[in-house]
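Asks: This is a predicted model, with the sequence first.
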Amino acid sequence: MHRFAPALLCAIALISGPAFAQSTSPHGVTAIGPPAGMPAPVGPWGLGARAGDFVFLAGVQGYEADNSLSPDPEARIRRAFANIKKLAESQGAALHDCVRITIYLSDLHRYAGMVDKIQAEVWGSPPYPPRTMMEVQRLFQDDIIEIDTVFYVPQKK
Amino acid sequence: MHRFAPALLCAIALISGPAFAQSTSPHGVTAIGPPAGMPAPVGPWGLGARAGDFVFLAGVQGYEADNSLSPDPEARIRRAFANIKKLAESQGAALHDCVRITIYLSDLHRYAGMVDKIQAEVWGSPPYPPRTMMEVQRLFQDDIIEIDTVFYVPQKK
Amino acid sequence: MHRFAPALLCAIALISGPAFAQSTSPHGVTAIGPPAGMPAPVGPWGLGARAGDFVFLAGVQGYEADNSLSPDPEARIRRAFANIKKLAESQGAALHDCVRITIYLSDLHRYAGMVDKIQAEVWGSPPYPPRTMMEVQRLFQDDIIEIDTVFYVPQKK
């Protein structure tokens, strides 16, 4: 969930959003469109995909509704988790349905403690999902955090 | 899908290739052997695995059929996507069946634009899979790109 | 599977361990508790999760039973794989049921050869799982290796 072009957002939300949400692949992968208040991506990536009993989300950054990134690290990290929650809930999943979370940081020593605190708050109670967290060389827009998740949401049969 | 030892490739393709493709784990994971024109790996990794309704591919680099890496970044990136397409199609999957793509780059500022352009061309049309893309410290052979993917290909029942 | 606080381990193992193993999410994700001889995590992450036919493990480091990390790189890498084997087997999975392995190293040139050798020994025979291996900027506790895996273990029906 990277760089958005704000000028295009309304058009995309109106034109492509619902189409995104409906389109399926040859084998039935359903692309996940942006929930209300979340901009659609402009580029060759999607926000998420549903396939069988699983929902796969893109790497999520801490974008605000107006497409900005807060200068405050804690607010930005909190927002990244809020975005994941919103996307997951749009697919009927709760945070506790997360089966895998990979957190990429620009500075592990600086942000790991904030992530721990915020993740505990956002989840509310254990169990927590299996996690891998590391510092990488560079994230989009030299951002400080990007979070990659998979959720389990069995299809109704 | 890392360093190949060309001298061993023929022997491996003849001896192990078909065996790879057939072998299953205690619970039915099927190893994916190299499609025609793609060398088998020589080392403790496989090209991919099928399990249930999903196909998991190894991190794929931009190897040519003769096991070389093009010195041209754009050609090499294009080849990495072509290799993924070939592997996916060998399992009956289309690119639009991809549910998750993680792209590791050696230089995000330099290569992200090329990746976007090539990925849009290769996919042809949206929706695109959820993506996470980042710059890491070092890839195999100091390569510039490695791409990790998961596909959804329900088993015929 | 990061930093453990040894002083809390007994209490956690007694109080939360079994609860962890039993607890399920709204959609039936089961958190994986620590096998015998492996400390429970103290923080907002779990050791693993079972969902449908798949088991997802957290990033696993080379912790010894006493919660220490061997100063010998080869011993530490070997231990990381042993921990994964133990966790997988606690869920009824064999190493050959692994469908995806991502190995993060602090120094690819230094440790890749060790990983290859140890992984071949631990697996015993091909096929090996699809692998992605890279050097990242920093791991927890400035560790040298962390390994992220997914296993296929179909539910009995």
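Replies: Received, thanks.
Asks: just checking, A:Val150 touches A:Cys98?
Replies: Yes: look at A:Val150 against A:Cys98 with C-beta atoms under 8 Å: they come within range, at 7.1 Å. Where C-beta positions appear, they are placed from N, C-alpha and C, glycine not excepted.
Asks: more crowded one of those two?
Replies: More neighbours surround A:Cys98 than the other of A:Val150 and A:Cys98, with 28 against 25 (other C-beta atoms under 10 Å in any protein chain shown).
Asks: Tally up the residues packed near the closest residue to the more buried one other than its chain neighbours, please.
Replies: Leaving aside its sequence neighbours, A:Cys98 sits nearest to A:Pro129 (C-beta to C-beta, 6 or more residues apart in numbering or on different chains; 4.1 Å). By other C-beta under 10 Å, the residues close to A:Pro129 number 27.
Asks: Before we move on, what's the pLDDT of A:Pro129?
Replies: In this model, A:Pro129 is scored at 98, pLDDT.
Asks: any chance you could map the strands in chain A?
Replies: A:30-31, A:48-51, A:54-57, A:98-105, A:131-135, A:145-152 (DSSP state E).
Asks: would you turn the ones you listed into TSV with distance to B:Ser70?
Replies: What follows is the strands of chain A, written out as TSV (distance: least, C-beta to C-beta, whole Å):
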stretch	distance to B:Ser70
strand A:30-31	32
strand A:48-51	30
strand A:54-57	30
strand A:98-105	28
strand A:131-135	30
strand A:145-152	29
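Asks: ok, is stretch A:40-50 in contact with chain C or not?
Replies: No: using C-beta under 8 Å from any C-beta of the partner chain, stretch A:40-50 stays clear of chain C, with a minimum separation of 12.8 Å.
Asks: pretty sure the residue nearest to A:Cys98 is touching A:Ile101, no?
Replies: Yes: counting by C-beta under 8 Å, A:Pro129 does reach A:Ile101; the two are 4.9 Å apart.
Asks: State the distance from A:Leu47 to chain C.
Replies: 20 Å (C-beta to the nearest C-beta, to the nearest Å).
Asks: List the contacts of that residue.
Replies: A:1, A:32-34, A:38, A:40-41, A:57-58, A:87, B:130 (C-beta atoms under 8 Å, 6 or more residues apart in numbering or on different chains).
Asks: same thing with A:Met133?
Replies: By C-beta under 8 Å, 6+ apart, A:Met133 lies in contact with A:102-105, A:108, A:112, A:115, C:2, C:45, C:59, C:140.
Asks: what's the pLDDT at it?
Replies: Per the predicted model, pLDDT is 98 at A:Met133.
Asks: Same question for the one 3 residues further on.
Replies: The predicted local distance difference test score for A:Val136 is 98.
Asks: What are the phi and psi values at the closest residue to A:Arg79 other than its chain neighbours?
Replies: Nearest non-adjacent residue to A:Arg79, counting by C-beta to C-beta, 6+ apart: A:Gly62, 3.8 Å away. With angles defined as degrees, to the nearest 10, A:Gly62 sits at phi -90, psi 50.
Asks: so A:Thr132 touches A:Ile103, yeah?
Replies: Yes: with contact defined as C-beta under 8 Å, A:Thr132 and A:Ile103 form a contacting pair (7.3 Å).
Asks: Could you measure from the closest residue to A:Asp143 other than its chain neighbours over to C:Gly52?
Replies: In this structure, A:Asp143 finds its nearest non-sequential neighbour in A:Gln61, 5.3 Å apart by C-beta to C-beta, 6+ apart. As judged by C-beta to C-beta, to the nearest Å, A:Gln61 and C:Gly52 stand 29 Å apart.
Asks: Contact partners for A:Pro26?
Replies: Each residue near A:Pro26 by C-beta under 8 Å, 6+ apart is listed here: B:93-94, B:96-97.
Asks: let's go with 6 Å and repeat that
Replies: B:Ala94 (C-beta atoms under 6 Å, 6 or more residues apart in numbering or on different chains).
Asks: Next to chain B in this structure, residues from chain A, please.
Replies: Counting by C-beta under 6 Å from any C-beta of the partner chain, chain A comes close to chain B at A:20, A:23, A:25-27, A:29, A:31, A:43-46, A:48-49, A:51-52, A:56-59, A:104, A:136-139, A:148.
Asks: Among these, name the buried ones.
Replies: The neighbour-count test (16 or more other C-beta atoms under 10 Å in any protein chain shown) marks A:20, A:23, A:25, A:27, A:29, A:31, A:43-46, A:48-49, A:51-52, A:56-59, A:104, A:136-139, A:148 as buried among those.
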